[in-house]
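J.: Can you look at this prediction? I've put the sequence above it.
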There are 4 protein chains.
Amino acid sequence: MSFQSGLNMGKGRTEAFSDGVFSIAITLLILEIKVPHFIGQSNRELAWALLSLWPSFFAFVGSFATILVLWINHHGLFTLAEHAAPQFLFANGFLLLFVIFLPFPTALLAQHLTGPGANTAAVVYCGTYVLTNISYHLLLSAVASPQSIRKDVSPALIRRIRIAYMFGSLIYITATVVAWFHAFAGVLICSLFWLLLTQLSYSEKHDRNKSWFDE
Amino acid sequence: MSFQSGLNMGKGRTEAFSDGVFSIAITLLILEIKVPHFIGQSNRELAWALLSLWPSFFAFVGSFATILVLWINHHGLFTLAEHAAPQFLFANGFLLLFVIFLPFPTALLAQHLTGPGANTAAVVYCGTYVLTNISYHLLLSAVASPQSIRKDVSPALIRRIRIAYMFGSLIYITATVVAWFHAFAGVLICSLFWLLLTQLSYSEKHDRNKSWFDE
Amino acid sequence: MSFQSGLNMGKGRTEAFSDGVFSIAITLLILEIKVPHFIGQSNRELAWALLSLWPSFFAFVGSFATILVLWINHHGLFTLAEHAAPQFLFANGFLLLFVIFLPFPTALLAQHLTGPGANTAAVVYCGTYVLTNISYHLLLSAVASPQSIRKDVSPALIRRIRIAYMFGSLIYITATVVAWFHAFAGVLICSLFWLLLTQLSYSEKHDRNKSWFDE
Amino acid sequence: MSFQSGLNMGKGRTEAFSDGVFSIAITLLILEIKVPHFIGQSNRELAWALLSLWPSFFAFVGSFATILVLWINHHGLFTLAEHAAPQFLFANGFLLLFVIFLPFPTALLAQHLTGPGANTAAVVYCGTYVLTNISYHLLLSAVASPQSIRKDVSPALIRRIRIAYMFGSLIYITATVVAWFHAFAGVLICSLFWLLLTQLSYSEKHDRNKSWFDE
């Protein structure tokens, strides 16, 4: 008894579920920016209150960009898989755990980045990215297993992606250590690293002038 | 006048709607972990405040894993159905009611697990899983009815799934009783049972080396 | 220049967007049930605090069932449409406005059903259903227009659905008036009416033993 | 090695992700309307408390309509693209950032429109639409680039859309300036402009009697 069509739907449904989680997690980020709530504020006072929310906006934009790039990379990994094998589903679930968790360190950072607990908040923020990066390593290993991978994917491509992820591990661990001594510097490394991540291609030949999905 | 194509879309749209509910319920779990909010906290104080949130993190991870496994089992049940008959849609609605409800006992537990009301919180938490388990029994019965089931599904497979669900009933009822006397022990049984649930296969022959969706 | 394929995607994408809104609105209902938050509560006190939340649970279940049935009826209406004409999209948007709004009167009712402001809360709750019902009338009119309707849908079917919706108008207006004098009775009428709505069929011949989507 | 089918899924998945973000952002708007919470309120007091929430309802309806129309226009732009080129994905991400952000200025406006800080709140509200409009300009440019655009789209169509967007820039900048002097007037311009935006067609020949998606 063969369920070939069911198999494809299985992978498709996992992808759709993951997309749902990514899009909800990225949208929930806005709930952590609290509206200044003193009713009697004048125009000038309200403007200052909004400006003093800058750590919230900074954390919001950084986490938004990171989740978006995580999602693009998630899609890239899925294009390499043929089957949704059990270890693939477990690794994907582990990854989603951290995607869902991200609004918490974002809110923590927004509230404490300018206070005396900034280092703790920044270490937790950067440390979450270390764990997220580990979950991508696990998903890559699951994708690269013989049960899951598409036959036309070369070992060279997997190696190239793994090196990129290891570079990511290095960056995020560095950021966590830096955050221990200088909160803002550590966070800045995390928040800007997504710019590099966008340059990662999940196809055999990397050509900057074409789409990631296109090559 | 025949609506055969409409029928398939009907089942597909029910599945997509359910997926949406599962992915939102699992993501809303993070909203229940509240950021420690005393502005003047030092690094050390904030670190302790975060560590004292461990019941929140514990409840978050347990509920996350459970909803994920419930979703995988939901998908398994859907692959057995050919038609979306009315009793199938009702049973699915009843099940979604409890999936949506889960963030509430999770938050309740997170807030009271270390307090004097721990047993009440734990009984409500475990009891919710008893009710969720009953809703899976109902959905299985709806799927197994002649109006809904695919012709190539054997009674042996339905029997095997029903036995697994009955084992689940036993575990969750036990956990609820245990929670009455020892809150943490009861919750631990609930939170770990999902590991067993991942071993349940919805296809004719169970082969551990292949994907659930794949066999 | 013909966009026939684009047209079908247009209707499909509107349906997917609406499904997303329905599934999020139904899941957000749980956020309105607030966890009893006094840390020092004993098991007995917490149990009583939970039991005193019964208006929240009552409103939650009533709104859950109603949104689910609204969604099933929304799907029924969409199966009758061939094209997504502008008035169809406007009517659908108007309907989604009330679907999104529903968590607010639900929370209002949950908080005031047992207090001295119960009648106001109940009138707002029932009144929202009157407006939601009007939005279904508008969507039906948009679907039944020559630009939108499928050629094989008979005027008799449209008439039957319109009569059912008018019966709904009557029930919801009655409930709103009743709520003015007896809050709970009015809400009960609203919360139970969805049981009748599930009996509405969107296909030419109504046969109770078959699925709505199936006939 | 050709990934033509992967390419189409790439564009489809970006569209599905964007749809998810739009539908969540529009549904989260309701969370910003807070239920009046004094338990002892009489029917009359509660009714007045609800009426005094009118800025919340006004902001809710205005933002709802705007996000809905932004979504329809987003769909229109996507129908013109053949490929999901990198600059297209970046522009889309930039646009989603503002869609997700919209619940914040909406809540800000709801809380301060009748207070002494009304002008600041209104300027932030209108200013967000200026930025959103800029993100649509960027997405249009990305769509119109040779890497992305469908071959059968004429330069005349792109020009017509660009002029419409520039008209939008003019309106939103005017609204922001007006809001500086008269908060409500500025907001009203923003909230009503979506009525004009619905008249924008993304196909070669504009015919009011047919669907946007249909022509």
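T.: The structure has been received and is ready for your questions.
J.: What pLDDT does the model give the residue located most distally from the centre of chain A?
T.: Distance from the centre of chain A peaks at residue A:40, with 39.6 Å (Cα atoms, centre = their mean). If you check residue A:40, the pLDDT there is 71.
J.: can you list the weak-confidence ranges in chain A?
T.: A:1-10, A:38-39, A:205-215 (pLDDT under 70).
J.: List the contacts of the nearest residue to residue A:198 once chain neighbours are set aside.
T.: Sequence neighbours aside, residue A:69 is the residue nearest to residue A:198 in space, at 5.6 Å (criterion: Cβ to Cβ, 6 or more residues apart in numbering or on different chains). Quick note: C-beta positions are derived from backbone N, CA and C, even for glycine. Residue A:69 makes contacts with A:194, A:197-198, as judged by Cβ atoms under 8 Å, 6 or more residues apart in numbering or on different chains.
J.: Let me have those in CSV, extended by neighbour count, secondary structure and distance to residue D:54.
T.: Shown next, in CSV, are those (neighbours: other Cβ atoms under 10 Å in any protein chain shown; DSSP: H, G, I helix; E, B strand; the rest coil; distance: Cβ to Cβ, whole Å):
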residue, neighbour count, secondary structure, distance to residue D:54
A:194, 20, helix, 41
A:197, 20, helix, 45
A:198, 17, coil, 44
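J.: which stretches of chain A form strands?
T.: Applying DSSP state E to chain A gives no strands.
J.: and the residue of chain A nearest chain C?
T.: At 8.1 Å from chain C, residue A:24 is the closest residue in chain A, using Cβ to the nearest Cβ.
J.: That residue: neighbour count?
T.: Residue A:24 is flanked by 28 other residues according to other Cβ atoms under 10 Å in any protein chain shown.
J.: what does the one 5 residues further on give?
T.: The number of residues packed near residue A:29 is 24, by other Cβ under 10 Å.
J.: rewinding a little: and which of the contacts of residue A:69 is nearest to residue A:63?
T.: For the contacts of residue A:69, the minimum distance to residue A:63 (Cβ to Cβ) is 9.8 Å, reached by residue A:194.
J.: I'd say the closest one and residue A:66 touch.
T.: Yes. Using Cβ atoms under 8 Å, residue A:194 is in contact with residue A:66, at 4.8 Å.
J.: residue contacts, residue A:140?
T.: A:77, A:158, A:161-162, A:165.
J.: With distance to chain C added, can I get these in TSV?
T.: Formatted as TSV, these follow (distance: Cβ to the nearest Cβ, whole Å):
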residue	distance to chain C
A:77	24
A:158	34
A:161	31
A:162	35
A:165	32
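J.: so which pair among those is furthest apart in space?
T.: A:77 and A:162 (11.5 Å).
J.: What's the local residue count around residue A:163?
T.: Residue A:163 has 10 neighbouring residues, counting by other Cβ under 10 Å.
J.: Can you give me the distance of it to residue A:156?
T.: 11 Å (Cβ to Cβ, to the nearest Å).
J.: and if you look at residue A:172?
T.: Remark: distance between residue A:172 and residue A:156 (Cβ to Cβ) = 25 Å.
J.: between the two, who's got more neighbours?
T.: Of the pair residue A:172 and residue A:156, residue A:172 is the one with more neighbours under other Cβ under 10 Å, namely 23 against 9.
J.: That one reaches residue A:133, doesn't it?
T.: Yes. Taking contacts as Cβ under 8 Å, residue A:172 lies within contact range of residue A:133: 5.3 Å.
J.: List the residues that contact the closest residue to residue A:123 other than its chain neighbours.
T.: Excluding its sequence neighbours, the residue lying closest to residue A:123 (Cβ to Cβ, 6+ apart) is residue A:179, at 4.9 Å. Applying Cβ under 8 Å, 6+ apart, we find residue A:179 in contact with A:119, A:122-123, A:125-126, A:185-187.
J.: try residue A:106
T.: Contacts of residue A:106 by Cβ under 8 Å, 6+ apart are A:29, A:32, A:59-60, A:62-63, A:125.
J.: out of the residues you listed, which one sits closest to chain B?
T.: Looking across the contacts of residue A:106 and measuring by Cβ to the nearest Cβ, the closest to chain B is residue A:32, at 7.9 Å.
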